[in-house]
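Colleague: Below are the sequence and a predicted model for it; my questions follow.
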Amino acid sequence: MHQESIRHLIDRYLSITFFVTKRAAILVKSELDQDMTTDQFFLLRYIQRCGQCTSTQLADAFVVNKSAITAITNRLVNKGFLERKRDPRDRRLVCLELSPAGKKWLYATEEKIYQLVKKVITHFSQQEIETFINTYEKLNHILREMEEKA
């Protein structure tokens, strides 16, 4: 591939990534309660899928420092959406899990977001959706490998 062609593709990628990410975040935020952030939503979603996890695990997963996770989780604990539980085998270890109120809020919010995404993906064929998701997953895998090598 020619250098000029690669540069053009990179420019397209950078431009579209910015706008799609920005617009998607705005749409997701529109379905959240006014005092919730998209970071809080995705953190609750991640914890729900794990069952429970530590702040260190969250910091690694979200590629941020632990103090940022502590600030987010403190707010979610104060809202009653998260609970801290000490590990019975190692009392120094504190695990985070969704409270019943957190589970209820997340379920209702995910349903609204699913309906929103459904409106978008109906503009694509099943094959286009599958190809896009597979490509996006591959991109994620490549970026994680690069991150681990850095």
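Modeller: It's in.
Colleague: Would you map out the domains in the chain?
Modeller: With domains defined by automatic domain parsing, the chain comprises 1-30, 35-149.
Colleague: What about Thr131, how many residues nearby?
Modeller: Counted by other Cβ atoms under 10 Å, the residues lying close to Thr131 total 12. From N, CA and C alone the C-beta is placed, and that goes for glycine too.
Colleague: Could you do Leu82 as well?
Modeller: 23.
Colleague: That one bridge partners, please.
Modeller: Leu82 has these beta-bridge partners by DSSP bridges: Leu98.
Colleague: Mind pulling the model confidence for it?
Modeller: For Leu82, the model assigns a pLDDT of 97.
Colleague: Over to Cys50?
Modeller: If you check Cys50, the pLDDT there is 95.
Colleague: Any figure for the gap between it and Gly80?
Modeller: 20 Å (Cβ to Cβ, to the nearest Å).
Colleague: Could you do Thr109 as well?
Modeller: 15 Å.
Colleague: Spatially nearest residue to Thr70, not counting backbone neighbours?
Modeller: Excluding its sequence neighbours, the residue lying closest to Thr70 (Cβ to Cβ, 6 or more residues apart in numbering) is Ser55, at 6.1 Å.
Colleague: do Leu32 as well
Modeller: Using Cβ to Cβ, 6+ apart, the nearest residue to Leu32 is Phe41, at 5.7 Å.
Colleague: quick one: contacts for that neighbour?
Modeller: The contact partners of Phe41, taken as Cβ atoms under 8 Å, 6 or more residues apart in numbering, are Val28, Leu32, Leu106, Thr109.
Colleague: Which one of those residues is nearest to Val117?
Modeller: Within the contacts of Phe41, proximity to Val117 (Cβ to Cβ) peaks at Val28, which comes in at 9.0 Å.
Colleague: Correct me if wrong, but Gln115 is in a helix.
Modeller: Yes - judged by DSSP: H, G, I helix; E, B strand; the rest coil, Gln115 forms part of a helix.
Colleague: Give me the residue at the spatial middle of the chain.
Modeller: Phe42 (4.0 Å; Cα atoms, centre = their mean).
Colleague: Got phi/psi on that residue?
Modeller: For Phe42, the backbone dihedrals (degrees, to the nearest 10) come out as phi -70, psi -30.
Colleague: for it, what are its contacts?
Modeller: Residues near Phe42 by Cβ under 8 Å, 6+ apart: Phe62.
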